[in-house]
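>>> Need coordinates for the following:
(2 chains)
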Number of protein chains: 2
Amino acid sequence: MKIMTEKLDTQFPLVASIHSPADVKRLTLPELNTLAEEIRQLMLLKESKQGGHFGPNFGMVEAIIALHYVFNSPDDRLIFDVSHQTYPHKILTGRAYAWLDPARYNDVTGYSAPSESVHDHFVIGHTSTSVSLASGMAKARDAMGGHENVIAIIGDGSLSGGEAFEGLDFVGEMDSNFIAVINDNQMSIAENHGGLYKSLAQLRATNGNSPDNYFRALGLDYIYVADGNDIASLIDAFQRVKDSTHPVAVHINTLKGKGYQPAVEHKEEWHYTTPFDIPTGHMLNESPYENWQDLTATYLLRRMKEDPTVLTITAGTPAALGFSEDLRHEAGRQFIDVGIAEEHAVAMASGMARRGAKPVFGVFSTFVQRTYDQLQQDLCINASPATIITVWGSPFTMNDVTHACLYDIALLGNIPGLVYLAPTSWEEYEAMLSWSIDQKDHPVAVRMPVGKVLHDPNFTPDDYSRLNRYKVVHRGSKIAIIGLGNMLATALETAQLLKEHGIDASVINPRYITGLDTELLDDLKRDHHTVVTLEDGILNGGFGEKIARYYGPTDVHVRCYGLRKEFRDRFDPSALLSEAHLTPPLILNDLLH
Amino acid sequence: MKIMTEKLDTQFPLVASIHSPADVKRLTLPELNTLAEEIRQLMLLKESKQGGHFGPNFGMVEAIIALHYVFNSPDDRLIFDVSHQTYPHKILTGRAYAWLDPARYNDVTGYSAPSESVHDHFVIGHTSTSVSLASGMAKARDAMGGHENVIAIIGDGSLSGGEAFEGLDFVGEMDSNFIAVINDNQMSIAENHGGLYKSLAQLRATNGNSPDNYFRALGLDYIYVADGNDIASLIDAFQRVKDSTHPVAVHINTLKGKGYQPAVEHKEEWHYTTPFDIPTGHMLNESPYENWQDLTATYLLRRMKEDPTVLTITAGTPAALGFSEDLRHEAGRQFIDVGIAEEHAVAMASGMARRGAKPVFGVFSTFVQRTYDQLQQDLCINASPATIITVWGSPFTMNDVTHACLYDIALLGNIPGLVYLAPTSWEEYEAMLSWSIDQKDHPVAVRMPVGKVLHDPNFTPDDYSRLNRYKVVHRGSKIAIIGLGNMLATALETAQLLKEHGIDASVINPRYITGLDTELLDDLKRDHHTVVTLEDGILNGGFGEKIARYYGPTDVHVRCYGLRKEFRDRFDPSALLSEAHLTPPLILNDLLH
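I've put the predicted structure just below:
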């Protein structure tokens, strides 16, 4: 179906009439309700074609309309947590074109973006940051003599992250304007976890009157809105707190996915969607291939059934390890979702390991960086034998600047005591996991491969406790190519190209990100003049630099290939690799000239 | 004064009679009170000679006695937050020798240490980790069919850290034994900050009956002990919660520094002490020299007075930037202590900068790693022009394994968008700070130098916005030595030694940790065969490796000097440098052979 721009403008006349929040303020309540309906239909259309965050946006349509009706953005600052619920905000702040005109679907990002609009104040993508960011704006306002409202909009799921607590605790002591809108849709990506959610439920059950009130305990004033999808109630509540001279939490009870039945019924599946068929809700591009997540879940389920001390942990993203709702049910108490609380997950895993259990924590590459201190202090200083699986480390996964999975090698690779492994096939991955889960000497992280599942029929497991032994895949001479994890395939292809130029290059699977096989590296010196390193993360602080340092005092030349240290939003991963010369023909060219 | 072992055993007969917690359980209440008195006197003696954590230990004597009286350590697990309050615990668990025998004063560490005793379960030094670590032990206990009590002991100050919230929120959902002892002494290192402390004060004022109860809001049961230094009350409370089958918080109100009047009156100064005179409380080794902290505070105070938008931030450690209580008072609302909440501090600084203010966040090197995700996401992706001062980065500051200041270069040096500067003299440091505070383009971190304050009378400031320009201190040939920050002095000394061997080495102050001066590095290739890099952090992921990578494909040899990636507790910094060959004679020797 091709949709024409003109047609959409006519179909959605109220949206088409909104050029800035000032236009929202002119509408009557019935018109605001119609506007909400138009926004939902428009988002439904676009997401059915393009995918995107579904539930978070559909639940917040009315609240965002009411915020713009009551407050004066951009003078009043609206700061959205995670900012995956900002589609309605974008539609109301001059960016409706990216929904009304299919040719411009890609003209806005999926997150808050100051480069797009003065109504966006930060690039935001990770969870639990809004209150702290907004509090800084409020404190600066006070120092500079400003008087605007500062409003953080944060979901109940985001409250489980420590940074959100730190922010609320801080603003609870402020003596000037600060408004926290708590969007309580009773969900994280999956269901919520944490004792806090019991007391939020009590607040909802008592129309906000339950005594156990987290926000009051942190020093904020508190009001409750029972129907957070009712524009009139929301306007009333926001008007009550506007220009407040003290911190206040407005707790609104919303329906995630509201307006589209499949999304309301299956909130987890519809947190984020790929393109789908609107009448049935069926996804259009289900992959028929086996994938790393499903294989990992199957493997871990088997281990958990065999051994009650194997405990699988997620921090609010069970999909990272392939644990759908069914599989979580099957795993029972051995699958533990701690909420969006990566710091806690790592420290808890350390505690479990010290008590003799076998914890496995799965975490996306972009989120493992939320817990550096716990990895170093709670886990590695204690040499606790926990297993961490880092997921999606590669430019070919998420490409939003806030979600790029390019930093885990540089971050985890330099923590003392950690063994960080980069498998290259399903068999090697499984063997490394098996070793890690059962051994008692090291904290171990395993970098789940990315892309098509590769099988190695000739694989034989090694004893990985003999640390830092690289695997020579092919012993040649002159040039050696060390291909880390996903990059072993590139190393093999490059060697193939070199062969055509008469060079029989060595190819090495280093396996260990965290250490050097000095014996092998010394041996290579005998008959190699150049060593090439390939990795699919940033070069700076990464794996290749350690090889370069080792060979620094010698005559061996080292060429490190990896990605540049820079922020790029919505990058094309293939272009990124080409810029870095991280393709077989480009490496070949570098080596021959 | 030389104290003999025999004499102390006689002076402290009850302590001398305790060989394990079983011996505590045999005592009568009057004897337990006498034991508390003996422990205090013994700690006073040792700390007057050696220094150590004072207030935290003196406030917890009774509680630790009561814990060992009621619970059965090591089967029941006592997990101490920060573990700077574990001296009484060590004294009661077979390690009294390190207090009774001055010759053995150094035989125990200042923190929890599993290598010393089965009664210590983790190496702990950073804040807010105990609940998460302990919860892991509790979950593993449940999975393995154990029945012991798991008890986290956490101070009110530690509650402001996000990890502690994440942990409490998690245990609030547990359906088995978990006990959190909240040691409320109304202090962090300095005074507490955060809205939570208002509700804790209300709980104290109402004997635990105030409705705003943080612990209940997170799903824990709650009991209050009004006098947390009364052994009988504590025993009663702990007996009530022992073997509890659900999570419970025991809130005890203690007096920090109890038993020594100077420590009670000046709680901040006596959080940690250096050797002192017992009758007067006067410190014995006050340094007469100017120091980086005082100079920094003086500079920032001046800037704040001139400009109301300059805002200085600390996360519970105002001493990092030299802000004593007097100076904080002088700075007024422009000095902001957010509590022990580094994540919030960085995100808030980003918000301040985006709103036009000039935030400066000072943080110890060992704690800056608690906020990696916020540095990358909240600050650097947003290019917010905030200033971060990292303090004590060097092996010559803290040498406990948990507090080693050796990781900031590898951590901050690889974050895109960040400008991380390493000044080498007071004048350069001040010029960099001035530039950073006033510029609007970059997030900037400045690594405060360590040791004797060096002055450079010939210094002229540069425009640091021309990024990554290294400074050639001396242009020679053959060998170039790049000395980062504190290591410039070592570079100069090494060059001096080389001169005696007929080599006129170049010496370079790179200034920028986060970038390469490729123009200069290319120029050096003309007439240098070897480039040496010196840094006082770990080599892995550090500054030198970037130079090695750059020269990797060339004939220039690179020798990187820095510290090994390893955990070492209570290391001798000079020995560490010698092992790393990071001294002028050893570098000379390497270069000549």
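
>>> hey, let's count contacts and neighbours off CA atoms from now on
Noted.

>>> Run through the residues of the stretch 51-200 of chain A sitting next to chain B.
A:121-126, A:129, A:132-141, A:143-144, A:160-173, A:193-199 (Cα under 8 Å from any Cα of the partner chain).

>>> And those, which of them are buried?
A:121-126, A:129, A:132-141, A:143-144, A:160-173, A:193-199 (16 or more other Cα atoms under 10 Å in any protein chain shown).

>>> per-residue confidence averaged over stretch A:457-471?
Averaged over stretch A:457-471, pLDDT sits at 96.

>>> Just the CA coordinates for that stretch, please, in CSV.
Extracted C-alpha coordinates of stretch A:457-471, given in CSV (Å, rounded to 0.1, in the frame of the first residue of the first chain):
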residue,chain,number,x,y,z
PRO,A,457,31.4,-29.5,12.7
ASN,A,458,35.0,-30.1,13.5
PHE,A,459,34.9,-28.3,16.8
THR,A,460,36.5,-29.9,19.9
PRO,A,461,36.2,-28.1,23.2
ASP,A,462,39.2,-26.9,25.0
ASP,A,463,40.0,-26.5,28.7
TYR,A,464,39.4,-22.7,28.9
SER,A,465,40.9,-22.5,32.3
ARG,A,466,44.3,-22.5,30.6
LEU,A,467,43.8,-18.8,30.1
ASN,A,468,44.9,-16.7,27.1
ARG,A,469,45.6,-19.5,24.7
TYR,A,470,44.8,-18.3,21.2
LYS,A,471,43.7,-20.9,18.6
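
>>> which residues are in contact with it?
Here stretch A:457-471 makes contact (Cα atoms under 8 Å, 6 or more residues apart in numbering or on different chains) with A:427-428, A:431-432, A:435, A:508-512, A:514-517, A:520.

>>> Go again with 10 Å.
Applying Cα atoms under 10 Å, 6 or more residues apart in numbering or on different chains, the external contacts of stretch A:457-471 come out as A:419-421, A:425-432, A:434-436, A:439-442, A:482, A:507-521.

>>> which of these count as buried?
Using 16+ other Cα under 10 Å, the buried members of the contacts of stretch A:457-471 are A:419-421, A:425-432, A:434-436, A:439-440, A:442, A:482, A:507-516, A:521.

>>> same for chain B: which of the residues you listed are within range?
A:T514, A:G515 (Cα under 10 Å from any Cα of the partner chain).

>>> Tell me the strands beside the strand ranked longest in chain A, with direction?
Determined from DSSP state E, the single longest strand within chain A is strand A:528-538. Paired with strand A:528-538 in the same sheet, following DSSP bridges, are strand A:478-483 (parallel), strand A:557-563 (parallel).

>>> Check which element follows the shortest one along the chain.
Next helix or strand after strand A:478-483 toward the C-terminus (DSSP states H and E): helix A:488-500.

>>> what does that following helix contact?
With Cα under 10 Å, 6+ apart, helix A:488-500 has contacts from A:422-425, A:454, A:473-474, A:476, A:479-484, A:487, A:501, A:503-511, A:532-535, A:582-589, A:591-592.

>>> so A:E545 makes contact with A:V558?
Yes. Judged on Cα atoms under 10 Å, A:E545 makes contact with A:V558 at a distance of 9.1 Å.

>>> which residues are common contacts for the two?
A:T533, A:Y551, A:G552, B:A548, B:R549, B:Y550, B:G552.

>>> follow-up on the earlier one: buried only: go through the contacts of helix A:488-500 for me.
A:422-425, A:454, A:474, A:476, A:479-484, A:487, A:504-511, A:532-535, A:582-588.

>>> before we move on, back to that, would you turn the strands paired with strand A:528-538 into a markdown table with mean pLDDT?
Converted to a markdown table, the strands paired with strand A:528-538 look like this (pLDDT from 0 to 100):
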| stretch | mean pLDDT |
| --- | --- |
| strand A:478-483 | 98 |
| strand A:557-563 | 98 |
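
>>> Brilliant, that's me finished.
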